[in-house]
Each structure stands twice: as structure tokens, then as C-alpha cells.
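Visitor: no letters, just coordinates:
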């Protein structure tokens, strides 16, 4: 039987010219491994790395004895778009991540970056299917909001008119200044007061001037809100089930296999991370147990920290990583849920922990999910669902004036507790951070095609 | 066999008190039809519309002879959150859409609004599965961009500092003023130069002061970009296949059935719309044919327009609706693709139509999808992929200065054509408008929980 004749479109990754024959590697972003085409000397004329081509030929057993079983024996080669080797910024050689970051509009043409886009897409699709099959309703909460006072960090202001100021309200498109959302939580809570299980995968924004490998000014958050729950357990279960389903999917997918095969010497570490998420039940401890454990480890001389672990003080990144490394995955490193942090460390909307508390050691029903290497990935809590207590907490934290009738931009949020309030809770997960962790990427700026951080918003 | 004992959580939609027994309707947003619970007089005490409850009881054959085959015979009733009938804004009676729009944080508790949220979620999930199975890569293009000059309308400015002005660059978070995206097209084109089939479902923003039932300042756009195509046909096929798959899914889903059953006398019209999308191949005509046809219809006295159809002038809403009504669905009304509009009506990035053109009647390879009632739903085109021609068009439309080296914020976009450029094209679809059409909702503000338009950004 004659080999089939096929037509492929793609971009030249490299051309190797022998005396009588040329080999070209063609990629189209669908896999990290390029297709090999065998060309005559004439057919390969003018081909350069980066050029786009259309090649028609026979798809047949490899004659070149390379790694691939089949290759394309070209019959017709057409250059669609040339690439001048003198100026093309992505010649086939090692490029540093810093250099590629200066070319955000071009760097997705690099195999590793293409693979990250493929993995992101797979994750979105798998998570969407997971939540759909678990009867969660996917929502599109607003991006522009009235709330600038959720305690989640600095905000970006939105205006349609440079002349708009607080004093000149008539100039504002929306009458008052508005902001880019820092979290969809408050709006999801409104929806969870109608549909008990809601989720979103939405862009969120922080105007913090953090110039680190873990922070972006614009990033995607996966947020969930669930009604009729009176303990953290269902939330922790949802996080764990969701992540395990996702990693199982990746492990069995083509894009997962390519993530490993293109990771080089890092492949083993990435596979360990996946296993760490899949194996065992995830560890669950309270903040108080965590601090006790950290202090004991210090006292035993097992570890030294820059910041001594102290009850009432936030866990430092070094503490979080140690906890995930020593408690997670049955001691081999893996995810750890830490629950019930001190009240004073957390935002106004969290519900007090159940059970007795020591005077001065009040905690709230919240959790963080810690991972090795990266630290915190998920944060969540039960929400204060009682109107009086919520308004009291808002006043105590100076979010609203003392006069109860003036709850300002948070009036609508408090009002959700007035009629038919329910016990509820939810969580937020940094989607780009999860992608970093699962792909073994060190800098979050690599997972986003056009990353934004302080001073940087190219294209 | 004894009837099963179940526990339900939900909100009271109504309570009917008889002499010895009470009937309560409980809803949790998952369906538009509430569950009926049968309570003793004592159990129903304190229950009011809007209250949240937990009821445990026997799920058994209905004794009340109502429409439902089964009902919940309560054993234990617990009020979780009360609702004061004196103040509850959503008492069980007809509420106008205008009134509900003044309560965006509460109106999702109304069955019709819950159903719209369910339908939106179903659509997201189905579209995600469709694109995934057709090997499109889902992307997260940026929301904050450098480009304010795409010709798609007025933009919102983003800043982290009220004092930031064009003169005072140091005060800008991103060094220069930045904007909320009006379309992800340009960024998707960059990705399609690496992965030939990409799509996104992203928020987009327009600062136009349109106060109509069809416009929002913040809305979701589904956008697609495909490389290696040299005619509009594959794009039109993708739109048609995607929409048909979606409507087939809705027609066979529970949420689709509920959309119809809760639509009252409008159900017939909604079903006609679905059928109009599913049946036949969609009509495809050129702009020139459309104008000729409109003029002929006027000359035959079949229709009168406020604006006379004229070659070189944009199609008015009245023209678009007439075309969809008379040409679509084999004359019964349905979708119509209109292609190849005059060059002067369209943005700089569109590729000229193929074939001969009359002097002064130059057209571009673009299309709009028109629907009955709502008019334009989708717009797309082939993109100018040749560097010189693109830069020429940018200069002709005064988007950049005459000095070629200074392409400003569009330099990166033009540069995509420098190395390995390919023929490509794509389209954008207003996701909220599609939801409007499929659900038979007249005002787009009803399809979005927290709608934003000029002067309105509540919550």
C-alpha cells in the first residue's frame, strides 16, 4: 500500500542541509516534538528558522534513521512567510527566560512556552468539566467593582476620563470612582445565596509593587462559594478532589506526557509533585498545632528559621515550606491544609472557629493550602453569615463609619445577611501559581503570555 | 417499602397555611420548580418567603393532589436565616425587571434569574468542551493592555494613582497609561502565530455612553483565531458548528427544558429561535448582494426603511433584521452571514477580498452574522498578514505617525508579520448577547448579575 499523501502547515524550527538532501523540523505548537520533513536541496532553498511553510508529501517510514518512525518525504514545499535570519529574534539556540520575557508577543513560538499554553488550556477544560459534573454553577462575576475595601491589597482605579477626581463626580463614567476586582468572593457570596454551589475562573488584579517570581498584577483566580455548610471540611474536600482529578487527568494526557518529556532533568521533580498531590489523604492541622510543631522542630535543632515561629504572628514563607516538606505526603513532602488562624491576622468576613477558645487566642474558621517549594496556593474560610456580627467586624476594622446606616460600598454585602442568610464558605486558588507548580516553572511570569507587574505591561 | 428520609436545604418561596396543615415551596436555584413540603401548623410557624431552612422528612407520594408526584412530609424544620416580611424586597409577586435591576445583589434569588445563571454556566461548559474536542487551545489574553487604538470604541483607563497624568510618567504603575481591553483579537493573533487554533472567553470593556438594551460597558466575548486559512469559509463553518452544537446541547438538557417551561407564552418563540439555528445550512451572502437585495425589496414595495440601503454605507439595524428575517432559515427567519463589506467601513487590520473589485468599490474579507430580532451577533475577518500592507493601512487610518520606525503601541502587532507570517483570521461573538437570544431575554442587563453601563456600577 502506498504511503498516504498529507499536507502540513507549520513553522520551521531548524534546517539541516546535507550534500544531496535536507532535513527540516516543522512545528505548529500542537506538540513539543517537531515533525521531520525530508527535502531536496532545491526544495530547501530559502528556508530559515521561523519561516512558515506548507509542505505536501508522503508520510512514510523514516529513511534517515532518526528517532522518529515516520517522516514527511516532501513533494511540494511552499514558503508562506519568510523569516530573515539576520533579524529573527528567536534563532534555534538557548534563550534565557529574561530575554524571552522581553519578547512576550513572540515567545509563545518557543516549544516550552507553547507547551505551557497547551497545559493551561487543558487545565481550564478539565476543571470546567469537574465542576460541571459536580453540579457547581460557573459564574462571571464583575471585573469593575465599587468595593475597594476588602483588605486584599491595593487596587487599580478605572476611569474613562483623566479629569475625573473624587471632587468632580460628574466627570466619572460610573458617577463614582471604580476599581478592578481583587477577588470575586463578595459577589460569589451573593450568588451562593441563590444557587448553593457556584464557582468562577476570573481575572483579578492587585496594584502591589511586588517585583517577585510569585506575584503578578493581573492573574486568574479560581474561586468557589458553597452554601449550607457549617464546617471547613466540605471545602477542604472540594479542593482535594478537584486537584486530584486535575492531576489524574494531566498524568494521563498527551500534554502531561509532553510536559515531562520536555522538562529535561526537572522531569523527575515534576513527577514527584504530581504524585505528592495524588497519593494519600492530604494532611490537615490547625494553625496552633502548626506553630507548636514548628517550635518543637526548632527546639530539637531540626531546623533554623530567620523568623521564630510565634503564635499570633503570620506564618512566614520559610515556615510554610517546611510544613509542606515535612508533614505533607506522609513525610515525603506534599500538600498540607492549615486551619483556624488567629482572628487578628484575617479579614473581617471570617466566621469564628467553633469550640472553646482561650482568652486572647481567638481564631477564625479558615484555611490555607500549603505546598512544597511554592508555599500558599489556596486560601478559604467560612464566612460570617450573621448580620449584626458582620457589621460589628466591619466597624471594628474601620471599614465603615460608626453610624450603622452608612455601610457605604459594603452595604449590599452586609444586606445579603438580612433575609434568608445561610452558613456558607468558599476559597480562592491562584490558577497561574498552580500551573507554575504543576509544570515546574520557577517564575510565574513564564506561565502568562503577556505578564503584568509593576512597571511592565508590554503589548 | 418505607419512603426514604431526606434532608433538603433551601429558601422558602411561599407558604400556604390551611387549617391543620401548611404547604411550603422550597427552592435552591437548581431548578425553577420548587419542592413542596407538607408541614404541621407548628412546624410552619415563623416561616416567611425568603427564609432559609433545613427540612428533614419523608419523600413520599403527594397527598395534596398538586402537580407534583412526590412531596416532602416534614419531620423536622429548622429556620437557618429568617426573612422579615415587612422589609424583604422580593416578596412572592410579580416584580418588574426595572425594580429587580435596582437589587442586583438579590435578584438572582428570583427563579427566572437563577435559570439564566444556570443556562450561562451550561453554555460555558458546553463551549469549552466543543473547542477542546476540536483541538482549539483556550487562552487567557490580558485584560490590561497598552493598546487604545484598535478602532473598537472608547476605552477605560487603568491607574493605581489618581495623580498619574500623561505628563507625570513616574507616577504611573505601568510607566504609561494603560487601558482595559476592548477585544482580545490582537493578542490572540500573536498566539495563533505559534498555535494555529486558539480561543478565549474573556471580559472586554467599552466606555461608550450607550444606554440601550443591547450594550454593556463590561461583557464577555468569545474570540477565535485560526492560522493557515486563506478564505472566510473555515471561520463561518466554525461559527455555525459551534452554535449548532451548543443549541443541540441546550435542547437536550434539563436547563434548556426549564428555560422553556419557565418562559410562559414566550416558550414558542424561544423554541423557534433554537430550531432556526439548528435547521438547514446557514445563508451566506455578500454585502453587495445584501444591498442589492434590500434595494430590490424596497423597489418592489415589500418593505420601507428609515435609512435607504446604499452601497458604501453601513447596514442599519433595520436592514440587518430584515435580512435575517427574510433570508435566514429558508425564508422563515434565521441566521445569515453577510461577507465582504466595503473597505472604508472596517478597521485597518482586515485583508482585502480576493478576486476583482470595481474601482471605488474595494471590499475586505470579513463577515457579520445576523440574527432575527437582535441583529449582529458575530463579527470576523481574515487579517492583513503582510507587513508592508499592514503598516500602510495603519498610516492611512492615522493610527501611527508617518515615520515607519515609530509604530508606537502597535509595533509589536505589526512585528508579528515580520518572521514566519501566515494567512489567518478569526471572529468575536458577544457571549451575553447570545445568551439573551437563546433565553428570549429582551434586555442584556438581565443576563448579567451585576451589569455595568454608563452611570451604573452597583455593588
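Guide: Sure, I can see it. The structure presented is a predicted model; accordingly, all values stated were derived computationally and were not measured.

Visitor: surely residue A:105 is in a strand?
Guide: No: according to DSSP: H, G, I helix; E, B strand; the rest coil, residue A:105 belongs to no strand; its state is coil.

Visitor: mind listing what it touches?
Guide: A:450, A:458, A:459, B:190, B:412, B:413, B:415, B:416 (C-beta atoms under 8 Å, 6 or more residues apart in numbering or on different chains). C-betas here are computed from N, CA, C, even on glycine.

Visitor: can you give me the pLDDT of the second one?
Guide: Residue A:458 is assigned a predicted lDDT (pLDDT) of 89.

Visitor: what's around residue A:393, how many residues?
Guide: 20 (other C-beta atoms under 10 Å in any protein chain shown).

Visitor: that one and chain B: what is the separation?
Guide: 18 Å (C-beta to the nearest C-beta, to the nearest Å).

Visitor: nearest residue to residue A:314 in space, please, no chain neighbours.
Guide: residue A:345 (5.4 Å; C-beta to C-beta, 6 or more residues apart in numbering or on different chains).

Visitor: low-confidence ranges in the stretch 51-200 of chain A?
Guide: A:65-66, A:148-153, A:161-170 (pLDDT under 70).

Visitor: mind listing the strands for it?
Guide: For the stretch 51-200 of chain A, the strands defined by DSSP state E, counting those that start in this stretch cover A:52-61, A:70-81, A:137-138, A:144-145, A:157-159, A:178-180, A:197-205.

Visitor: now those in a markdown table, with mean neighbour count and distance to chain B?
Guide: Below are the strands of the stretch 51-200 of chain A laid out as a markdown table (neighbours: other C-beta atoms under 10 Å in any protein chain shown; distance: least, C-beta to the nearest C-beta, whole Å):
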| stretch | mean neighbour count | distance to chain B |
| --- | --- | --- |
| strand A:52-61 | 18 | 4 |
| strand A:70-81 | 18 | 3 |
| strand A:137-138 | 24 | 4 |
| strand A:144-145 | 23 | 6 |
| strand A:157-159 | 23 | 5 |
| strand A:178-180 | 25 | 5 |
| strand A:197-205 | 25 | 5 |
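
Visitor: could you dump the ones you listed into a markdown table and include distance to residue A:265?
Guide: Shown next, in a markdown table, are the strands of the stretch 51-200 of chain A (distance: least, C-beta to C-beta, whole Å):
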| stretch | distance to residue A:265 |
| --- | --- |
| strand A:52-61 | 32 |
| strand A:70-81 | 28 |
| strand A:137-138 | 38 |
| strand A:144-145 | 45 |
| strand A:157-159 | 45 |
| strand A:178-180 | 40 |
| strand A:197-205 | 32 |
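
Visitor: do you know which of those lies nearest residue B:125?
Guide: strand A:137-138 (6.5 Å; C-beta to C-beta).

Visitor: if we only consider the contacts of residue A:105, which is nearest to residue A:222?
Guide: residue A:450 (20.0 Å).

Visitor: make sure the closest one is actually in contact with residue B:144.
Guide: No: counting by C-beta atoms under 8 Å, residue A:450 stays clear of residue B:144, with 9.1 Å between them.

Visitor: mind listing what's buried along the lengthiest helix in chain A?
Guide: If you go by DSSP state H, chain A has its longest helix at helix A:111-133. For helix A:111-133, a neighbour-count test (16 or more other C-beta atoms under 10 Å in any protein chain shown) marks A:111-132 as buried.

Visitor: near chain B, from the residues you listed?
Guide: A:113, A:114, A:117, A:118, A:120, A:121, A:124, A:125, A:128, A:129, A:132 (C-beta under 8 Å from any C-beta of the partner chain).

Visitor: tell me where the stretch 301-450 of chain A has strands.
Guide: Using DSSP E, counting those that start in this stretch, strands in the stretch 301-450 of chain A cover A:336-339, A:366-371, A:375-383, A:424-430.

Visitor: angle of the third one against strand A:424-430?
Guide: By that I understand strand A:375-383. Strand A:375-383 and strand A:424-430 are oriented at 160 degrees to each other (axes from the mean of the first three to the mean of the last three C-alpha atoms, to 10 degrees).

Visitor: off-centre distance for strand A:375-383?
Guide: 14 Å (C-alpha atoms, centre = their mean, to the nearest Å).

Visitor: for that strand, packing partners?
Guide: With contacts taken as 3 or more C-beta pairs under 8 Å, 6 or more residues apart in numbering or on different chains; DSSP states H and E, strand A:375-383 sits against helix A:233-251, helix A:317-327, strand A:366-371, strand A:424-430, helix A:431-439.

Visitor: adding distance to residue B:202, write the ones next to chain B among the buried residues of helix A:111-133 out as JSON lines.
Guide: Below are those laid out as JSON lines (distance: C-beta to C-beta, whole Å):
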{"residue": "A:113", "distance to residue B:202": "20"}
{"residue": "A:114", "distance to residue B:202": "20"}
{"residue": "A:117", "distance to residue B:202": "15"}
{"residue": "A:118", "distance to residue B:202": "18"}
{"residue": "A:120", "distance to residue B:202": "13"}
{"residue": "A:121", "distance to residue B:202": "14"}
{"residue": "A:124", "distance to residue B:202": "12"}
{"residue": "A:125", "distance to residue B:202": "16"}
{"residue": "A:128", "distance to residue B:202": "15"}
{"residue": "A:129", "distance to residue B:202": "20"}
{"residue": "A:132", "distance to residue B:202": "20"}
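
Visitor: show me which pair in those is furthest apart.
Guide: A:113 and A:132 (29.1 Å).

Visitor: residue contacts, residue A:349?
Guide: Counted by C-beta under 8 Å, 6+ apart, residue A:349 has contacts A:185, A:186, A:381, A:383, A:384, A:390, A:393.

Visitor: what does the stretch 151-300 of chain A put close to chain B?
Guide: A:154-162, A:165-166, A:173-178, A:180, A:186-187, A:190-191, A:193-196, A:202-203, A:205, A:207, A:209, A:217-218, A:220, A:227-228.

Visitor: of the residues you listed, grab the buried ones for ChimeraX.
Guide: Listed next is the ChimeraX selection for buried residues among these, using 16+ other C-beta under 10 Å:
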select /A:154,155,156,157,158,159,160,173,174,177,178,180,186,187,190,191,193,194,195,196,202,203,205,207,217,218,220,227,228
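
Visitor: buried residues of stretch A:305-317, list them for me.
Guide: A:309, A:315, A:316.

Visitor: closest to residue A:42 among those residues?
Guide: residue A:316 (64.7 Å).
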